[in-house]
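> only the shape, not the letters, is given here:
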């Protein structure tokens, strides 16, 4: 909770408002782009839910790291939401193309979309795990903790997205 | 005697296209090898003729804590002062700023400004500790400004009378990026005071009343004198004040512009102390980072190949594209000596590896991923704070490079296979 107190008392309003506006504009742009390409309400709801959950999980991860593991959430952790957002965008973007290619079918096969999403989720998770595992060996201290936390949140969000796809994209 | 030349006819037409293509492939391969050698760590020690060290910011960081006294205990006013200081430092590019306030007594508060940055120390100190409150002043009649024994009489505020014109009446102080020619033939930076729209006429009338007079702009007690130009009665053009500023470089001019335009500190504001601190940065060994990145990339691709997550062709193209993106970016940084944060660079490279893999595997989402990522990162670079801005700008360059590298890899591998 010290983390939130620090933000409330020591951040300038300009800083807080600029960051909030930044995230809102990014969400609006991504939702607009997804709507333009897919014209699917389900996809819009899925995208918004995914981004809101990524924000929530990032904050929860910070709280758990701070309270349970006594990790100081310092300035470098401002990058975590940006990295999680970028990877989330890539993950959703990978499925948008597939969906767009198949949406013109009379009865789009949601099973195929779910399978494609599973394949993408597996690839991204394995790629991130291998990249970070090999790289973390050479790090220590703050850098190690930051990358480990960010990596975990990113992988969790990848599978949360897969869970959301299973909920939102069912065959009628 | 007529000399007739026989036309030379070839049985088969010579086709130069494949030959030129082979030549181009050889040249491009040589270029890639050169870029790889430049990008690798420690190769800069090989040559004395060309310097291509990676210029890391790690040794350039410094940190200071400025303690200032603010003449108010009102929370809203303190917050406003905090906004102004933060905006000045952020717009100057200071990487990390932390501002804490504490109420000292009934009249004064203490503000602690902690900076971690690679920017010029004197300029950052000026931004953090200057009040920079300005107003237009006129000369006192009983003061001898031509006294040769007191050459500093023109710069002290107590030799001037205040007017009604101050920072509340000007919408912007414009300082052009380039130096302009002064009356003495030298080049210097100038500041142009543009009044608010609703005060424009009033200001023009004020200047007409004082035309050809010597006046001044008082900033924190010290005055920059200027002479009001002659204004004809018939003129309808809106008038401004232009004064020369004490800035030699573009950075110094930028600092003065920020001091004028980031807002005005109303309560009293004075520096109490400035304490050196140990810079709080994460620095990585460049060699270890390079080894780590290579091992992580190779491991990931071997895994993908062994477990057949993609075709060999696809993996080869994305591996070449990733490698090309990273070595080109590193070579560019090394040759241009652009200072970089090694830690941020490592994270950017990891994200680039993931990005290249994503666009190589999902060709139907490529445009969405490239344009979407660039737009999102552009928004972050405009509205983000400190490290986010540096990170986002680097990522945009890497994404563009990644796209070009992927196109090149496809072409290169397809043509090498045909040899």
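Arrived safely, thanks for sending. Fair warning: this is a prediction, and the values are worked out from it, not measured in the lab.

> the residue lying closest to residue B:61 once chain neighbours are set aside: helix or strand, and which one exactly?
Among residues not flanking residue B:61 along the chain, residue B:279 sits closest, at 4.0 Å (C-beta to C-beta, 6 or more residues apart in numbering or on different chains). Every residue, glycine included, has its C-beta placed from N, CA and C. Assigned by DSSP states H and E, residue B:279 falls within no helix or strand.

> mind listing what residue B:279 touches?
Neighbouring residues of residue B:279 by C-beta atoms under 8 Å, 6 or more residues apart in numbering or on different chains: B:61-63, B:116.

> just the residues you listed now: which is nearest residue A:100?
Taking C-beta to C-beta as the measure, residue A:100 sits nearest to residue B:116 out of the contacts of residue B:279, at 45.0 Å.

> which helix or strand contains the closest residue in space to residue A:168 that isn't next to it in sequence?
Spatial nearest neighbour of residue A:168, chain neighbours left out: residue A:46 (4.6 Å); criterion: C-beta to C-beta, 6+ apart. Under the assignment given by DSSP H and E, the secondary-structure element containing residue A:46 is helix A:41-67.

> from the contact counts, what lies against that helix?
Helix A:41-67 sits against helix A:2-10, helix A:13-38, helix A:79-102, helix A:141-168, with contacts defined as 3 or more C-beta pairs under 8 Å, 6 or more residues apart in numbering or on different chains; DSSP states H and E.

> identify whichever of those helices lies nearest to residue B:391.
Judged by C-beta to C-beta, the one of the helices and strands packed on helix A:41-67 that comes nearest to residue B:391 is helix A:79-102, at 6.0 Å.

> what is the closest one packed up against?
Contact here means 3+ C-beta pairs under 8 Å, 6+ apart; on that basis helix A:79-102 packs against helix A:13-38, helix A:41-67, helix A:110-136, helix A:141-168, helix B:342-361, helix B:366-383, helix B:387-418.

> mind telling me which of these the model trusts least?
When mean pLDDT is averaged over each of these, helix A:110-136 scores lowest at a mean of 84.

> now do the buried residues in that helix.
A:110, A:113-114, A:116-117, A:120-121, A:123-128, A:130-132, A:134-136 (16 or more other C-beta atoms under 10 Å in any protein chain shown).

> and the angle for it with helix A:41-67?
Angular relation of helix A:110-136 and helix A:41-67 on a 0 to 180 degree scale: 30 degrees, by axes from the mean of the first three to the mean of the last three C-alpha atoms, to 10 degrees.

> contact residues of the stretch 151-300 of chain B facing chain A?
Taking C-beta under 8 Å from any C-beta of the partner chain as the criterion, the neighbours of chain A within the stretch 151-300 of chain B are B:280, B:282, B:284-285, B:288-289, B:291-293, B:295-297, B:299-300.

> which ones are touching whichever residue of chain A sits closest to chain B?
Per C-beta to the nearest C-beta, the residue of chain A with the smallest distance to chain B is residue A:97, at 2.9 Å. Residues near residue A:97 by C-beta under 8 Å, 6+ apart: B:362-366, B:368.

> can you select the buried ones from those residues in ChimeraX?
For anyone working in ChimeraX, the buried entries among the contacts of residue A:97, judged by 16+ other C-beta under 10 Å, can be selected with:
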select /B:362,365,366,368
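
> any chance of JSON lines for the contacts of residue A:97, columns distance to chain A?
As requested, these are exported to JSON lines (distance: C-beta to the nearest C-beta, whole Å):
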{"residue": "B:362", "distance to chain A": "5"}
{"residue": "B:363", "distance to chain A": "8"}
{"residue": "B:364", "distance to chain A": "3"}
{"residue": "B:365", "distance to chain A": "3"}
{"residue": "B:366", "distance to chain A": "7"}
{"residue": "B:368", "distance to chain A": "5"}
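
> could you work out the most separated pair of the contacts of residue A:97?
Maximum pairwise distance among the contacts of residue A:97 (C-beta to C-beta): 11.2 Å, between B:363 and B:368.

> most neighbours, which of the residues of the stretch 151-300 of chain B next to chain A?
Each of those was scored for neighbours by other C-beta atoms under 10 Å in any protein chain shown, and residue B:300 scores highest at 25 neighbours.

> tell me the secondary structure for that one?
Each residue gets one of three states, and residue B:300 gets helix by DSSP: H, G, I helix; E, B strand; the rest coil.

> hmm, residue A:131 and it touching each other?
Yes. With contact defined as C-beta atoms under 8 Å, residue B:300 counts as touching residue A:131 (5.5 Å).

> who touches both of those two?
Residues touching both residue B:300 and residue A:131 by C-beta under 8 Å, 6+ apart: residue B:353.

> any idea how far the residue nearest to residue A:168 lies from residue A:167?
For residue A:46, the distance to residue A:167 equals 8 Å [C-beta to C-beta, to the nearest Å].

> what do you get for residue B:294?
Counting by C-beta to C-beta - residue B:294 and residue A:167 are separated by 40 Å.
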